[in-house]
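> Here is a sequence together with a model predicted from it:
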Amino acid sequence: QVQLVESGGGLVQPGGSLRLSCAVSGFDLENGATGWFRQAPGKEREGVGCFSSNDGRTYYQDYARGRFTLSRDNAKKMVYLQMNSLKPEDTAVYFCATRNEGYGCAQPFMDYWGKGTLVNVTS
């Protein structure tokens, strides 16, 4: 049984940093793709970043590029999202998700999702 559990969310001031963690069990992180997504209040869920095992590359949405960094520790079965220079508009529930095979992290093709962790950026 595959399980993803996010942690590390919380309250942070604008300009601050947070590192989110996603503990993965029952899934080999060297397969498929792993991504972070977020859903702000009243908005649809959107992608943040994606690591695709097929080409070994990490992709970011424009708003995340340069501020957010996705990383993995395959041995520990952990996925991380380092977020710097946070803005109030980054306030959202952040989810990690995986897919068994294929390219990219299009939401309809993600096989497993965590329940999310809340990030609140406010002064």
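Right, received. Where do you want to start?

> drop to CA atoms for contacts and neighbour counts, all remaining ones
OK.

> what's the neighbour count on residue 98?
30 (other C-alpha atoms under 10 Å).

> How about it, nearest residue that isn't a chain neighbour?
residue 34 (4.4 Å; C-alpha to C-alpha, 6 or more residues apart in numbering).

> cool, and residue 18?
Here the residue nearest residue 18, using C-alpha to C-alpha, 6+ apart, is residue 83, at 5.3 Å.

> Okay, and the beta partners of the one you found?
On the basis of DSSP bridges, residue 83 is bridged to residue 18, residue 68.

> and whichever strand or helix holds the residue nearest to residue 98, what does it pack onto?
Applying DSSP states H and E as the criterion places residue 34 in strand 33-39. Where contact means 3 or more C-alpha pairs under 8 Å, 6 or more residues apart in numbering; DSSP states H and E, strand 33-39 is packed against strand 46-52, strand 92-99.

> Do me a favour and average the pLDDT over the shortest one.
Averaging pLDDT along strand 46-52 yields 95.

> Other residues contacting it?
Here strand 46-52 makes contact (C-alpha atoms under 8 Å, 6 or more residues apart in numbering) with 32-39, 57-61, 64, 69-70, 103-105, 107.
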